[in-house]
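Novice: Here is my input; please provide its structure:
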Amino acid sequence: MDVNFDYITVHENNIKLSLSSSGGIGFSGENNNLGEGIIYKRGQSLLYEGSFMFGNSGQYLADKFRGENGTDDDFYTLNNIKYLNPQKADFELDALFNDAKISGIAKVEIVQHSYIFTDVIGFNTVFQVYTIKNITADTLKGLYAGMIMDWDIDNYINNKVSHDSIRRMGVSYSTDSSIYSGIKLLTLNQGFNHYAIDNTPTGNGGVIAYDGLSDIEKFQIISQTRKLAGESPSTGNDIIDAISAGPFDLKADSSISLSFAIIVADSLSALEKEADSVQPVSY
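Specialist: Purely as a prediction, here's the structure:
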């Protein structure tokens, strides 16, 4: 376990993962230069960059992911990530941040709660729960919230993304490896959106992330669906995957909790089995 003022790296079961105090997944720091990514069974990191993402338009979009001029570091940390006395899992961590960097006066406060189990439930899974509270006097409408992950599984230029609508999950893998990674929406009472990105100069018909992402493009990613990436050439290419819940409205002084799972496994069948086993877990 590595502890820093801004991030914590946890190593439990088969997963080693750095968690940020300001929305980053896998890495932290102003340019995502801190942290170890996501490591499975002591291999190399499977992740180049990851973030929580939230907003309702290209004019109101917050994340800690690449923008047009480096990393968009949009969340203001209120409480650094820390370990809690566990209540539901074997290990629990939380952090508190808001959107004041993009809205001037904060509109929302977000509690990031991470759960890790050491038994057979979610042995290769990290659970991320984001509780979003509207701290304004007005209703915030048409919101989406989710996770965006730039996976580099084995040889990153041979990666692919598939869409699992039954499990509400994006699945990323490499054509020259047996490892599969999934990001799954566990919350069932919200719409499921999945956007697979070809991280190539042309985007292969989708959003072009190769030259950096604008907030307009990021909102497209969390509010629309693109099921596949890495289809041409057949061996795959560099990819990014994103899932989100929404749209939803938040009335003044109300909150919503959205639950996600990050899963890594040695095969597609093992990934699917773990995804099925963690769905009933309650927070």
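Novice: Contact partners for residue 276?
Specialist: Taking CB atoms under 8 Å, 6 or more residues apart in numbering as the contact definition, residue 276 lies against residue 167. Every C-beta, even on glycine, is put in place using the N, C-alpha and C of the backbone.
Novice: okay, it: pLDDT?
Specialist: Note on residue 276: pLDDT of 96.
Novice: If you count neighbours, what's buried in the strand or helix carrying it?
Specialist: Using DSSP states H and E, the element containing residue 276 is helix 268-278. Residues of helix 268-278 classed as buried under the neighbour-count rule (16 or more other CB atoms under 10 Å) are 270-272, 274-275, 278.
Novice: Also stretch 13-31?
Specialist: When burial is assessed from 16+ other CB under 10 Å, stretch 13-31 yields the following buried residues: 13-29.
Novice: burial count for the closest residue in space to residue 268 that isn't next to it in sequence?
Specialist: Among residues not flanking residue 268 along the chain, residue 180 sits closest, at 5.3 Å (CB to CB, 6 or more residues apart in numbering). By other CB atoms under 10 Å, 22 other residues sit near residue 180.
Novice: Roughly how far does residue 180 sit from residue 116?
Specialist: Computed as CB to CB, to the nearest Å, the residue 180 to residue 116 distance reads 19 Å.
Novice: can you check residue 275 too?
Specialist: The gap separating residue 275 from residue 116 is 16 Å, by CB to CB.
Novice: got it, and residue 253?
Specialist: Counting by CB to CB, the gap from residue 253 to residue 116 is 31 Å.
Novice: Comparing those two, which residue is more hemmed in?
Specialist: For residue 253 versus residue 116, neighbours defined as other CB under 10 Å are more numerous around residue 116 (21 against 10).
Novice: hey, what's the more buried one bridged with?
Specialist: On the basis of DSSP bridges, residue 116 is bridged to residue 91.
Novice: list the contacts for it?
Specialist: Residues near residue 116 by CB under 8 Å, 6+ apart: 10, 12-13, 15, 89-92, 122, 126-127.
Novice: Buried ones among the residues you listed?
Specialist: Buried among these (16+ other CB under 10 Å): 10, 13, 15, 89, 91-92, 122, 126-127.
Novice: Against residue 37, how distant is the closest residue to residue 255 other than its chain neighbours?
Specialist: Distance criterion CB to CB, 6+ apart; nearest residue to residue 255, sequence neighbours excluded, is residue 133 at 4.3 Å. Residue 133 sits 29 Å away from residue 37, going by CB to CB.
Novice: Pick out whichever of the two has more residues nearby.
Specialist: Shown here are residue 133 and residue 37; by other CB under 10 Å, residue 37 has more neighbours (22 against 16).
Novice: Show me what the spatially most central residue of the chain is bridged to.
Specialist: Centroid-nearest residue in the chain: residue 147, 2.7 Å away (criterion: CA atoms, centre = their mean). Beta-bridge partners for residue 147, by DSSP bridges, are residue 52, residue 243.
Novice: pLDDT value on the closest residue in space to residue 265 that isn't next to it in sequence, please?
Specialist: Residue nearest to residue 265 in three dimensions, not counting chain neighbours: residue 271, with 3.9 Å by CB to CB, 6+ apart. Looking at residue 271, its pLDDT is 97.
Novice: re the thing from before, cross-check the contact I'm expecting between the residue nearest to residue 255 and residue 109.
Specialist: Yes - contact criterion CB atoms under 8 Å: residue 133 and residue 109 qualify, at 4.9 Å.
Novice: Just list the residues touching residue 198, thanks.
Specialist: 204-206, 229-230, 237-239 are the contacts of residue 198 under CB under 8 Å, 6+ apart.
Novice: again, only using 7 Å
Specialist: Residue 198 is in contact with 204, 206, 229-230, 237, 239, counting by CB atoms under 7 Å, 6 or more residues apart in numbering.
Novice: quick one: residue 136 from residue 104, how far?
Specialist: Taking CB to CB as the measure, residue 136 falls 12 Å from residue 104.
Novice: Nearest to residue 155, out of the buried ones among the contacts of residue 116: which one, please.
Specialist: residue 15 (21.0 Å; CB to CB).
Novice: from memory that closest one sits against residue 124, does it?
Specialist: Yes - Residue 15 is in contact with residue 124 according to CB atoms under 7 Å; the separation is 6.1 Å.
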